[in-house]
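S.K.: Have a look at this fold, sequence not included:
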């Protein structure tokens, strides 16, 4: 396996694990029930999508690096599609989207997006 994909995966896991602990500590500090199932689903799905998108960008970089930005944007579109197909129906079962539900998906989403963006910038610099 490529060293870059391993490094990316380890960095992503480390940052998401820290964020998940902070996320759950927030619930604990407010004496709220921690929705482990939704939090786990949000973090795992976001990790899998970010890993897949980065892997796709690495594969494309070997062949046709001019379209890396397009792959990145298509990956972001895919993430929103997954949100609306999987998470939104789960969150809207009670008829409203709470802040807890919102951050269950979008905290790891934004974190993964930042890490993906930084990885893409580094990948583009390495290509030049």
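M.R.: That came through, no problem. In this text, all values refer to a predicted model and were calculated from it rather than measured experimentally. Numbers count the residues shown, from 1 in each chain.
S.K.: quick one: the helices in the protein?
M.R.: Using DSSP state H, the helices of the chain run over 3-29, 36-63, 68-82, 88-91, 99-127.
S.K.: TSV please, covering the ones you listed and showing mean pLDDT and mean neighbour count.
M.R.: C-beta here means a position set from N, CA and C on the backbone, and glycine is covered the same way. Formatted as TSV, the helices of the chain follow (pLDDT from 0 to 100; neighbours: other C-beta atoms under 10 Å):
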stretch	mean pLDDT	mean neighbour count
helix 3-29	93	14
helix 36-63	90	17
helix 68-82	89	15
helix 88-91	87	14
helix 99-127	90	17
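S.K.: got a list of what residue 13 touches?
M.R.: Residues in contact with residue 13, defined by C-beta atoms under 8 Å, 6 or more residues apart in numbering, are residue 47.
S.K.: Residue 82 too?
M.R.: Contacts of residue 82 by C-beta under 8 Å, 6+ apart are 45, 49.
S.K.: Could you rerun that using 10 Å?
M.R.: 45, 46, 48, 49, 88, 105, 109 (C-beta atoms under 10 Å, 6 or more residues apart in numbering).
S.K.: and the gap between it and residue 63?
M.R.: Remark: distance between residue 82 and residue 63 (C-beta to C-beta, to the nearest Å) = 26 Å.
S.K.: And for residue 44?
M.R.: Separation of residue 44 from residue 63 (C-beta to C-beta) stands at 29 Å.
S.K.: burial of the nearest residue to residue 27 once chain neighbours are set aside, as a residue count?
M.R.: Using C-beta to C-beta, 6 or more residues apart in numbering and skipping residues adjacent in sequence, the residue nearest residue 27 is residue 34, 4.4 Å away. Residue 34 is flanked by 14 other residues according to other C-beta atoms under 10 Å.
S.K.: Could you dump the contacts of residue 82 into CSV and include distance to residue 16?
M.R.: Below are the contacts of residue 82 laid out as CSV (distance: C-beta to C-beta, whole Å):
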residue, distance to residue 16
45, 11
46, 7
48, 11
49, 12
88, 21
105, 13
109, 11
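S.K.: so which of the residues you listed comes closest to residue 6?
M.R.: Taking C-beta to C-beta as the measure, residue 48 is the one of the contacts of residue 82 closest to residue 6, at 16.0 Å.
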